[in-house]
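A.B. asks: A structural model of the following input is requested.
(2 chains)
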2 protein chains.
Amino acid sequence: MGEEMSNKQIILKDYVKGFVKESDMILKTSFVKLKVPKGCCNDAVLVKNLYLSCDPYMRGRMVKMEGSYIDSFTPGEAIMGYGVAKIVDSSDPEFKKGDLVWGITGWEEYTLIKSTKALFKIPSIDVPLSFYTGILGMAGMTAYIGFYEICSPKERESVFISAASGAVGQLVGQFAKLFGCYVVGSAGSKDKVDLLKNKFGFDDAFNYKEEPDLNATLKRYFPNGIDIYFENVGGKLLDAVLTNMRNHGRIAVCGMISQYNLEEPEATSNLMFLITKRIRMEGFLVFDYFHLYDKYLEMVLPLIKQGKLTYLEDIVQGIETAPAALIGLFAGRNVGKQVVVVAPK
Amino acid sequence: MGEEMSNKQIILKDYVKGFVKESDMILKTSFVKLKVPKGCCNDAVLVKNLYLSCDPYMRGRMVKMEGSYIDSFTPGEAIMGYGVAKIVDSSDPEFKKGDLVWGITGWEEYTLIKSTKALFKIPSIDVPLSFYTGILGMAGMTAYIGFYEICSPKERESVFISAASGAVGQLVGQFAKLFGCYVVGSAGSKDKVDLLKNKFGFDDAFNYKEEPDLNATLKRYFPNGIDIYFENVGGKLLDAVLTNMRNHGRIAVCGMISQYNLEEPEATSNLMFLITKRIRMEGFLVFDYFHLYDKYLEMVLPLIKQGKLTYLEDIVQGIETAPAALIGLFAGRNVGKQVVVVAPK
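C.D. replies: A predicted model of the protein is given here:
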C-alpha cells in the first residue's frame, strides 16, 4: 500500500490579477502515499522533490488562458515548476527508485508525475545537484538556444542583455564573451552591476534604475550601436534598444519580466526601426528545443568543469519560502538563479 | 554645348511635419543643358524622365534625418524617386543615347544622374514600359523578396496582407496564391475589396474601415490563425494580427503606411505574443536584394506573359499631377500602383 507521508504543498489560491502577492499562494499540508497508484499509468513516478526552480514565466500560468503554449495552473492545486527530484516509486522500468531526475514537478514535498516523457535523468552528480534547476536545466538551455540559435551571433558583435544577472542573462553574457563578442548588461542594483563586471566578465554594465534617459545610456555604452539584443524585460527599454540597434541587428525575445504583472502591457513605439534597420525580432520558447539538450550538455559541462563559466545561485531553504522567492523575481530581489531547497537529498 | 531646354521640376519646399500636403511641393521651371557636363563624372547620364513611381517610403525622405538607410531630400531641390527614363547623353560607354533605364531619378523632366551604378537597363519593351516603375521595378522586387525570402512560406499556409490592393500587396497576394497559400487581404474601400476578390484572385478580403473590432474580424477570416502576415500598414492592425497569429508564424515588415505622417507613432501592445507563439518578425529593405533582380525577372516575366499575374496601375498624366498622386497614397486614393507619366517616350 505504501507509506503515507505528510506533504507540504504550495497551493495557488485563485487566478491572479495585477502583481502576484505571497497571499495568492497558500501553504497546505496534505497526505500522500509514496506509491504510484495501481492502474494509474504506464510511466508514472512518485518523486521526492529536492530543489525547485523559480522562473518568471510561471507568472503567466497564474492567469486563466486557453490555447497558450502551456496550461494555466489549477486554483486549489499545487503550483508546478521545474525542479530536481528523486524517484521514490515508479511504474516505468527506465526510471528506478533512487534515480535523480529534473523536469516539471509540483511545489510540494512529494509529487506523482503521471508521465516520465518530459523528465530528464541526471547522469552524474559531480556538479551541484541544484544546477539542474538552472544552468543544466531550463535556464541554461534557454540561454544556449537563445544565443546560438536565435541571435545568429558573429565574432566581435556588440551584445546587450537586459536582466543580465538573472539565471538566463548571466549565461548569455558569458556565452557571448566566450564567442568573442562585446557584452554589456543591465540590471537593477549596484551590486548586480558589480557582479556583471567583476564576476561574470561582462565588458560593461549599468543600473537601469539610475538612468533617466535609457536612449542616451545605450548610446553611451554602444556608440556604434547594438548588433544583438537579448530581451528579458520588455517595456520602455525595448524602445530605447530599437533606437540604438545597428542595421541587420537581431533581437531574441526571451522574456518580458517587466510586463508579466501588468493588466495592460506597456506599448512599443519604435517598430518602424525594424524596417529601416532591417532588424529580425524573434520570440522563442525553450520547450521547442529540448531535443538539443544532449548537445548543450556536451558544450556546457566541460566549460563548468574547467571553470570557464561562473554560475550564481540565490538559494533559499524550505518549501515555505518558495512563494516569497518567486515574488522576489519580479521585484529583482534575487541575485542569480533563484532556487528553493525542499530537501537536500 | 548641348541644347538648353526648359525643365519642369517638383521641388520640396521644406522638411515636412505631420501629414504631407500638396503645398509642401512646388512646381518650378528651370533650364537644363541636355549634356553631361564635361569633367563631371565617369559614369553620369542625362536622362529624359518618362514615368515616375509614387511610393510610400518617400514620405520618410521628407524629414531631416541622419544615418538612416537613405538620405533625406534636400529642400529647394527636386524630389527623387524611382522612375523609367531614356538616356539623352552619357559619359558611360555602357549606357548609350536612346537606352531605356529604370532607377532613382528626379521628379522633373530631365535629370543628370551622376552615376549609372544604381540604374538598371530595360532589356525589352514587350511589356508596358510603366511596369518598370512597379511590377518589374522596386514594388515587384519588394513583393518577391518579402514573400519568398522573409516570409519562409509553406504550401497551404494562411497569409494575411494589409494594404493589399497597393503596388506591393497585390503582387504578394498573387505570389502567395500561386504558391498554394490561403490568402486574405485588407484594403480601405469596397471597390478595392472587390478587386482583391475578383481581379487578383484572393480567397477573401475585407474593408478595414468597416470593421470596428479588427481582432474579431481576423478571427472570422482566420479561425485557425494566421501563419504569415505581410505588414504594410502598422498601427492598430498589427496588435490585432499578433493576437491572431499561429505558433511559429512569420511577419514580414515591409511598410507601415499608417504611421508615416504621424509625429508620434502609434504603439504596439501585444509583443508578448512573439514569445508565447514563437513569432519571427523581420523588417527588410528591397535595396539590400537588388542582386537578385535577374532571378526575379526570370520568374516574373513568364508569369506576366502567360497572363498568370494581374497587375493594376493607377496612372496620372503630367508631372504637375505628381504631388497630388503622392499624397493620394496616404489617403488610399490610388487603386493599384500609382504612376505619373512625364512623357510617353
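A.B. asks: what is the burial count for the residue of the stretch 51-200 of chain A found nearest chain B?
C.D. replies: Relative to chain B, the nearest point of the stretch 51-200 of chain A is A:Tyr69 (5.3 Å; C-beta to the nearest C-beta). The way it works is simple: take the backbone N, C-alpha and C, and place the C-beta from them, glycine included. Neighbour count of A:Tyr69, defined by other C-beta atoms under 10 Å in any protein chain shown: 15.
A.B. asks: now it, nearest residue through space, not along the chain?
C.D. replies: Of all residues not flanking A:Tyr69 in the chain, B:Thr276 sits nearest, at 5.3 Å (C-beta to C-beta, 6 or more residues apart in numbering or on different chains).
A.B. asks: and if you look at A:Asp314?
C.D. replies: Computed as C-beta to C-beta, 6+ apart, the closest residue to A:Asp314 that is not its neighbour in sequence is A:Asn334, at 4.4 Å.
A.B. asks: pretty sure the one you found sits against A:Gln170.
C.D. replies: No. Between A:Asn334 and A:Gln170 there is no contact under C-beta atoms under 8 Å: 11.3 Å.
A.B. asks: more neighbours, those two?
C.D. replies: Using other C-beta under 10 Å as the criterion, A:Asn334 and A:Gln170 rank with A:Gln170 on top: 32 against 22.
A.B. asks: and the contacts of the one helix or strand the more buried one maps to?
C.D. replies: Assigned by DSSP states H and E, A:Gln170 belongs to helix A:167-179. Residues outside helix A:167-179 that contact it (C-beta atoms under 8 Å, 6 or more residues apart in numbering or on different chains): A:55, A:134-135, A:139-140, A:142-144, A:146-148, A:153, A:155, A:159, A:161-164, A:183, A:185, A:187, A:196, A:200-203, A:228, A:230, A:232, A:254-255, A:303, A:308-312, A:336-338.
A.B. asks: and if we set it to 6 Å?
C.D. replies: Residues from elsewhere that reach helix A:167-179 (C-beta atoms under 6 Å, 6 or more residues apart in numbering or on different chains): A:134, A:139, A:142-143, A:147, A:153, A:159, A:161, A:163-164, A:183, A:185, A:200-202, A:230, A:232, A:309, A:337.
A.B. asks: returning to that earlier point: ok so the residue nearest to A:Asp314 is a helix residue?
C.D. replies: No. A:Asn334: not assigned to a helix; according to DSSP: H, G, I helix; E, B strand; the rest coil it is coil.
A.B. asks: still on that earlier bit, quick one: buried ones out of the contacts of helix A:167-179?
C.D. replies: Neighbour-count burial (16 or more other C-beta atoms under 10 Å in any protein chain shown) is assigned, among these, to A:134, A:139, A:142-143, A:147, A:153, A:159, A:161, A:163-164, A:183, A:185, A:200, A:202, A:230, A:232, A:309, A:337.
A.B. asks: just those: which are in strands?
C.D. replies: Counting by DSSP state E, these place A:Val159, A:Ile161, A:Val183, A:Gly185, A:Phe230, A:Lys337 in strands.
A.B. asks: from these, which two are the most distant?
C.D. replies: Greatest spacing in these, by C-beta to C-beta: A:Val159 and A:Lys337 (20.2 Å).
A.B. asks: A:Gly185 and A:Ala163 touch, don't they?
C.D. replies: No. Counting by C-beta atoms under 6 Å, A:Gly185 does not reach A:Ala163; the two are 8.3 Å apart.
A.B. asks: need the residues that contact the longest strand belonging to chain A.
C.D. replies: The longest strand of chain A (DSSP E) is strand A:80-90. By C-beta under 6 Å, 6+ apart, the residues outside strand A:80-90 that reach it are A:34-36, A:45-53, A:58, A:95, A:97, A:99-102, A:104-106, A:129, A:132-133, A:137-138.
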